[in-house]
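Chemist: using only what follows, build the 3D model:
(2 chains)
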Amino acid sequence: MSQTTQPVFDPNEVVVFSDAMIKQMNEVVNKFPQDKEKSAIIRILHLAQAEYAWLSVPVMNKIAEFLKIQPIEVYEVATFYTMFHLQPVGKHVLEVCRTGPCMLVGSDQLIQHIEHKLNIKVGETTSDGMFTLKTAECLGGCGYGPLLQCRNTYHEHLTIEKADALIEQYRNGEIQ
Amino acid sequence: MKNRRLLLEHVDVPGIDGIEVYVKHGGYASLEKALKKMSPEDVLEEVKKSGLRGRGGAGFPTGMKWSFLAKPEGVPRYLVCNADESEPGTFKDRYLMEKLPHLLIEGMILSSFALGANQSYIYIRGEFMYVLNILEKAIAEAYAKGYLGKNILGSGYDLDLVVTPGGGAYICGEETALLESLEGKRGNPRIKPPFPAVKGLWGCPTVVNNVESIAAVVPIVRDGGDAYAAIGIGRSTGTKLISACGNLARPGVYEIDLGLSVEEFIYGDDYCRGIANGKQLKACVPGGSSVPILPHFLVTKTATGEDRLMTYESLAEGGFSSGSMLGSGGFIIFDEDQCIVRNTWNFARFYAHESCGQCSPCREGTGWMEKVLSRIEHGQGHMHDIDLLADINKKIEGNTICPLGDAAAWPVAAAIHHFREEFEWHIKHPSEAQTRNYGLIQQPVVA
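Modeler: Next comes the predicted model:
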């Protein structure tokens, strides 16, 4: 219900999972009882997103093939959960929490500041492909706000100055 | 320490997330006790005696929930830990799992043993992937020590434990949506009955418990249910993790004895140390964003002038007209500079975003409320919008499969009930409302 972006399908895209990726996917599947492989789907989507940065229709089709389920069963999951990017994104996706407790301690101002600094609006990617700015609903760090998530890392207790420094560190490759 | 009693006692010990240090500080002693000296029924009995109530927000007695679990012959039973913490204001489970992963794992083994489950799952929200990594490392340590796997501690009891992530959806904190998600589907809540205790994960009997509830089983088994029940007041027994946030001098996660006064929790030196920057208290949402907001004059005292306590009963004192709920323990404080209209709109936007879309009253109603509140906040509201909101509210409440609809409706209803004059001021003074906040509301004079 939450995602309004359309999945992207390029019929010429050929997806071949690496051996390392297939090994990881099998490890996830093996966590569940036989015939319950479908339970692995969300974690596999996370793995695929870590590998490809975002989930195109051919990537999702390949996951369906791997799990021996219909492609629609992958699409319906990928479009339901907000962590999955269904459109190309920048190298670093900055997701700023915007919900109440973070707003009380300045998330609105932080979002505005990052928009201004990167010269993009929420949902957009910088022209150099370096950053995508998104907002997120409650990230569960309410006492440590304002905060943003980039991949698996939470950056908390942010100020305008700290956010500026953080963005420079990502830009310079000092943090990944 | 006063704010570190049963669950968080060793939270500041360096290396307590590793099994060696955890065991050195008494870790897995409850498990040894249960597997060597107790039957599953004994463990259930202690949990019942403890009076432990579900710590995820609903407050349903855990022992009773366990006793409802169906036990047909030859059918597997499951325990699922709800670690999909996403109620705005709540960040206690993340803290517990990150700092004390083995406490949750020990609680999972104890609880699974009591329920007769041989396969258990921890479903954690996808954003907490780094916490999932911490848990998986701890689970591997527990297997290596023989606390998980086959024939645990020579007892003949087998248990496998798996942790699995969500993908970003508040609704998956609702237990049947969580089970759908765990089965690899969209998180659409199921119609009940049948309840998970009868038909849960893959159609099998399942208990779903919050992280903190499961962790609390460890001290309950260690000290006995009676000792746990001796803490607290009345039906609010034991300790509770409160995640305090908003405009507080010292936000964070505190373990309180239920029965502590709200006054001491907000202003006491052992707890939040008052409002940040010397400001005044304007309002409080004591149990996560879904519970009714209280204006400043109903936070530390009830409408009848009694001291308000941190218990399920005292926070609810006065019902919807002057009370709220303990909920998940997501304790949000608003200072005098905060705008209630803007916050109500923000929460409404959250629920509109997180509605799964299955039931029309919630799918459409949450969106309408968000739009109406947005227009009031942005200076385009009409006086009749306030009644319109109340009307939408009534049409959502009670008309949906799961409680998300109610959770979306209540905060709006409570905000209008207590802060109606602030909403009216916004509508009457649209340009002024864009430049300053309304400030504190006056306590109504009781005739």
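
Chemist: quick check: phi and psi on residue 142?
Modeler: This is for chain A. Dihedral pair for residue A:142: phi -50, psi -30, per degrees, to the nearest 10.

Chemist: switch to chain B, that's the one I care about
Modeler: Given degrees, to the nearest 10, the pair of backbone angles that residue B:142 has is phi -70, psi -40.

Chemist: that one: what's it in contact with?
Modeler: Residues near residue B:142 by CB atoms under 8 Å, 6 or more residues apart in numbering or on different chains: B:19, B:102, B:105, B:109, B:148, B:161. C-beta here means a position set from N, CA and C on the backbone, and glycine is covered the same way.

Chemist: which other residues reach the strand or helix carrying residue A:112?
Modeler: Using DSSP states H and E, residue A:112 sits in helix A:107-118. The contact list for helix A:107-118, computed with CB under 8 Å, 6+ apart, reads A:94, A:96-99, A:121-122, A:126, A:131, A:133, A:135, A:145-146, A:148, A:158, A:160, A:163-164, A:167.

Chemist: and the next element down the chain from that helix?
Modeler: By DSSP H and E, the next helix or strand past helix A:107-118 is strand A:131-136.

Chemist: what sits up against the helix or strand containing residue B:79?
Modeler: Using DSSP H and E, residue B:79 sits within strand B:78-83. Residues from elsewhere that reach strand B:78-83 (CB under 8 Å, 6+ apart): B:56, B:93, B:97, B:104, B:108, B:111-112, B:115, B:117, B:119-125, B:128, B:131, B:163, B:173, B:175, B:178-179, B:182, B:200-202, B:204-211, B:214.

Chemist: so, low pLDDT: which residues of the chain?
Modeler: In the absence of a named chain, chain A is used. Along chain A, the model assigns pLDDT under 70 to residues A:1-4.

Chemist: not quite, I wanted chain B
Modeler: In chain B, residues with pLDDT under 70: B:1, B:445-447.

Chemist: grab the most central residue of it for me.
Modeler: Residue closest to the average C-alpha location in chain B (CA atoms, centre = their mean): residue B:328, at 2.5 Å.

Chemist: now that one: which helix or strand?
Modeler: Using DSSP H and E, no helix or strand contains residue B:328.

Chemist: same deal with residue B:367?
Modeler: Assigned by DSSP H and E, residue B:367 falls in helix B:360-377.

Chemist: before we move on, what about residue A:157?
Modeler: Per DSSP H and E, there is no helix or strand for residue A:157.

Chemist: how many neighbours does it have?
Modeler: 12 (other CB atoms under 10 Å in any protein chain shown).

Chemist: show me where the stretch 301-447 of chain B has helices.
Modeler: Listed in chain order, the helices of the stretch 301-447 of chain B (DSSP state H, counting those that start in this stretch) span B:312-316, B:319-322, B:340-354, B:360-377, B:384-396, B:404-428, B:430-435.

Chemist: again but with the stretch 151-300 of chain B, I slipped
Modeler: Using DSSP H, counting those that start in this stretch, helices in the stretch 151-300 of chain B cover B:175-182, B:211-223, B:225-229, B:262-267.

Chemist: wait, which of those helices is closest to residue B:194?
Modeler: helix B:175-182 (9.8 Å; CB to CB).

Chemist: list the contacts of the closest one.
Modeler: For helix B:175-182, using CB under 8 Å, 6+ apart, the contacting residues are A:39, A:42, B:80, B:82, B:84, B:121, B:123, B:164, B:166-167, B:169, B:171-172, B:186-190, B:192, B:196, B:200-201, B:206, B:208, B:356, B:402.

Chemist: buried sites along it?
Modeler: Neighbour-count burial for helix B:175-182 flags B:175-182 (criterion: 16 or more other CB atoms under 10 Å in any protein chain shown).

Chemist: I'd guessed residue B:205 sits against residue B:195; true?
Modeler: No: counting by CB atoms under 8 Å, residue B:205 sits too far from residue B:195 to count as a contact (9.5 Å).

Chemist: which one's more surrounded, those two?
Modeler: residue B:205 (24 against 17).

Chemist: find the residue closest to that one in space, skipping its chain neighbours.
Modeler: residue B:70 (4.2 Å; CB to CB, 6 or more residues apart in numbering or on different chains).

Chemist: and that neighbour, which of the three is it?
Modeler: For residue B:70, the assignment made with DSSP: H, G, I helix; E, B strand; the rest coil gives coil.

Chemist: hmm, residue B:196 and it touching each other?
Modeler: No: using CB under 8 Å, residue B:70 makes no contact with residue B:196, being 9.9 Å away.

Chemist: shared neighbours of these two, which are they?
Modeler: By CB under 8 Å, 6+ apart, the residues touching both residue B:70 and residue B:196 are residue B:205.

Chemist: comparing the two, which residue is more hemmed in?
Modeler: Set residue B:70 next to residue B:196 and count neighbours by other CB under 10 Å: residue B:196 wins out with 25 against 16.

Chemist: give the contact list for that one.
Modeler: B:175-176, B:179, B:205-208.

Chemist: returning to that earlier point: CSV for the helices of the stretch 301-447 of chain B, including mean neighbour count?
Modeler: Output for those, formatted as CSV (neighbours: other CB atoms under 10 Å in any protein chain shown):
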stretch, mean neighbour count
helix B:312-316, 21
helix B:319-322, 13
helix B:340-354, 25
helix B:360-377, 20
helix B:384-396, 17
helix B:404-428, 21
helix B:430-435, 12
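
Chemist: any idea how far chain A is from the residue nearest to residue B:340 when sequence neighbours are not counted?
Modeler: With sequence-adjacent residues excluded and distances taken as CB to CB, 6+ apart, residue B:340 is closest to residue B:419, at 4.4 Å. Note on residue B:419: its distance to chain A, by CB to the nearest CB, to the nearest Å, is 15 Å.

Chemist: I figured residue B:419 hits residue B:295, correct?
Modeler: Yes: with contacts counted by CB under 8 Å, residue B:419 reaches residue B:295, the gap being 6.9 Å.

Chemist: joint contacts of these two?
Modeler: Contacts common to residue B:419 and residue B:295, judged by CB under 8 Å, 6+ apart, are B:283, B:441.

Chemist: around the residue of chain B found nearest chain A, how many other residues sit close by?
Modeler: Across chain B, the shortest distance to chain A (CB to the nearest CB) belongs to residue B:167, at 2.8 Å. Using other CB under 10 Å, residue B:167 has 24 other residues around it.
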